[in-house]
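Participant: give me coordinates for this.
(one chain, ligands or ions: 1)
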Amino acid sequence: MADRRVVAVVGATGAQGGGLVRAILADAGGGFTARALTRDPSSDKARALADAGAEVVAADVDDQASLARAFAGADAAFCVTFFWDHFSPEKELANATALARAAKAAGVSHVIWSTLEDTRRWMPLDDDRMPTLMGKYKVPHFDAKGEANQAFVDAGVPTTFLLTSFFWENFIFFGSGPAPGPDGTLALTMPMGDQKLPGIAVDDIGRSAYAIFKAGPRYVGQTVGVAGDHLTGQEMAAAMSRALGRTIAYNAVEPAVFRTFGFPGAEDLGNMFQFKRDFNAQFCAARDLQKARALHPGMLTFDQWLAANAGRIPIG
Ligand SMILES: NC(=O)c1ccc[n+]([C@@H]2O[C@H](COP(=O)([O-])OP(=O)(O)OC[C@H]3O[C@@H](n4cnc5c(N)ncnc54)[C@H](OP(=O)(O)O)[C@@H]3O)[C@@H](O)[C@H]2O)c1
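Facilitator: Presented below is the predicted three-dimensional model:
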């Protein structure tokens, strides 16, 4: 135990971090041990991680001192921020900066920062193809993560920048699944036109992160994109139809229409889909399927994910 390398995992009770903790624990001989960070070590999810063999420690990304304590003695750290808990890009940037500085102070030798593109590099604020949101963002939950890359560089901590993809679990937990239209026909509504959406089983993000840590310094300083499939809305709807035994159409609304849907974050997500649609070749190329599978050969395809999860997709 003593000679195993400690990986401090932010968001360990959640989707990405949870996948990483499970990947570490599943590989008892792999030379790593998981330190799960949570705001509440007494929660059911935290206790389940402890029961499974993780070290569980208290930390809050809003409290840098707690991060410094939680990272102390760790060899590696997986860092993620939680936009949908607060909808504030400024907070995301501040949290990421605190994570980077805490990792540096603790002497962590390898950080993975779960990031996304700063879309303003492709679409400056004065580009009126999509509205500017919150004063200085195009896709707030992307832009702040991309902007935060520099915080890790500035902190001088050895970092791999992990570009994630759309979680297929959004169809289960995020209200993104098929819903009946006015005529009762089930439809998957996404403003992607005929372009391809890189997607992933969220556990595969954690497994990919584990593979990066296991590879040692090879990926330090690099940007690594992960996805299990690149599929059009039509292809996803067809795959869902096969898996669910129900006809599901693809409803390719325009991003401008999606932005008016009125749920919290609709404008942000409308812009996000438009970015992915309008810069599709570059967005997909940054998540090369062959490279992702070379890193993590067990990466699920959408059909494989559906075979295990279709029954969990709520259908309105
Ligand atoms: N949905 C997608 O398709 C998608 C795709 C790419 C990227 N993302 C990004 O993924 C990020 C969220 O990651 P996730 O889905 O893995 O998270 P998640 O499942 O929503 O939550 C992760 C865990 O974070 C912990 N947490 C929340 N606030 C915290 C705080 N202040 N300090 C410490 N821990 C805190 C919570 O644990 P405790 O309650 O135990 O503290 C929670 O269980 C978002 O920023 C989102 O933009 C999402």
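
Participant: where does pLDDT dip in the protein?
Facilitator: Along the chain, segments meeting pLDDT under 70 span 1-2, 316.

Participant: might you name the residue of it sitting closest to the ligand?
Facilitator: Nearest to the ligand, among the residues of the chain, is Gly14, at 2.0 Å (CB to the nearest ligand atom). C-beta coordinates here come from the backbone N, C-alpha and C atoms, glycine included.

Participant: and what about the residue with the largest distance to the centre of the chain, helix, strand or coil?
Facilitator: Most distant from the centre of the chain: Asp183, at 34.4 Å, with distances by CA atoms, centre = their mean. Of the three states, Asp183 takes coil according to DSSP: H, G, I helix; E, B strand; the rest coil.

Participant: contacts only, for it.
Facilitator: Taking CB atoms under 8 Å, 6 or more residues apart in numbering as the definition of contact, Asp183 has no neighbours.

Participant: any figure for the gap between it and Thr247?
Facilitator: Noted for Asp183: a distance of 12 Å to Thr247, by CB to CB, to the nearest Å.

Participant: likewise for Gly107?
Facilitator: According to CB to CB, Gly107 and Thr247 sit 56 Å apart.

Participant: one more: Gly177?
Facilitator: Relative to Thr247, Gly177 is positioned 15 Å away (CB to CB).

Participant: between those two, who's got more neighbours?
Facilitator: Comparing Gly177 with Thr247 by other CB atoms under 10 Å, the one with more neighbours is Gly177, at 20 against 13.

Participant: you'd agree the more buried one is up against Thr189?
Facilitator: No - Gly177 is beyond contact range of Thr189, at 9.8 Å (criterion: CB atoms under 8 Å).

Participant: overlap of the contact sets of these two?
Facilitator: Residues touching both Gly177 and Thr189 (CB under 8 Å, 6+ apart): there are none.

Participant: what residues of stretch 238-246 count as buried?
Facilitator: In terms of neighbour count (16 or more other CB atoms under 10 Å), stretch 238-246 has its buried residues at Ala238, Ala239, Met240, Ser241, Ala243, Leu244.
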